[in-house]
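Colleague: no sequence on this one, just coordinates:
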């Protein structure tokens, strides 16, 4: 059985804030630095934005995957694009 880490609400909020205001840093680097898996962090972001339906975990996973792809696809776009 895996040991699951339990993160405080403050830790999650701080990490989400860092991600949303990351500047030139990658999302992956922010989560790796904090020792958080990318999928876990993406879930926190989704929850912070009120987009996760907690009653349906399967759709939440799909939503997180779609969000990660969208962020990844647009990471290198310039403001003009």
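Modeller: Received it, and whenever you're ready, just let me know what you need. Being a predicted model, the structure only gives us computed values, none of them experimental. Numbering: from 1, shown residues only.

Colleague: residue contacts, the nearest residue to residue 16 once chain neighbours are set aside?
Modeller: Nearest residue to residue 16 in three dimensions, chain neighbours excluded: residue 48, at 4.8 Å (Cβ to Cβ, 6 or more residues apart in numbering). Placement of C-beta: from N, CA and C, glycine included. Contacts here follow Cβ atoms under 8 Å, 6 or more residues apart in numbering; on that basis residue 48 touches 12, 13, 16.

Colleague: Look up how far residue 20 lies from residue 48.
Modeller: Remark: distance between residue 48 and residue 20 (Cβ to Cβ, to the nearest Å) = 8 Å.

Colleague: which one of the contacts of residue 48 sits closest to residue 30?
Modeller: residue 16 (9.8 Å; Cβ to Cβ).

Colleague: residue contacts, the closest one?
Modeller: Residue 16 makes contact with 41, 44, 45, 48, according to Cβ under 8 Å, 6+ apart.

Colleague: In helices only, show me those.
Modeller: Among those, DSSP state H puts 41, 44, 45, 48 in helices.

Colleague: Need the phi and psi values for residue 5.
Modeller: Main-chain torsions, residue 5, degrees, to the nearest 10: phi -80, psi 140.

Colleague: what's the answer for the one 4 residues further on, then?
Modeller: Dihedral angles of residue 9 (phi, psi; degrees, to the nearest 10) stand at phi -60, psi -40.

Colleague: Over to residue 49?
Modeller: Torsion angles, degrees, to the nearest 10, at residue 49: phi -90, psi 0.

Colleague: how close does it sit to residue 5?
Modeller: Counting by Cβ to Cβ - residue 49 and residue 5 are separated by 22 Å.

Colleague: got it, and residue 22?
Modeller: Counting by Cβ to Cβ - residue 22 and residue 5 are separated by 22 Å.
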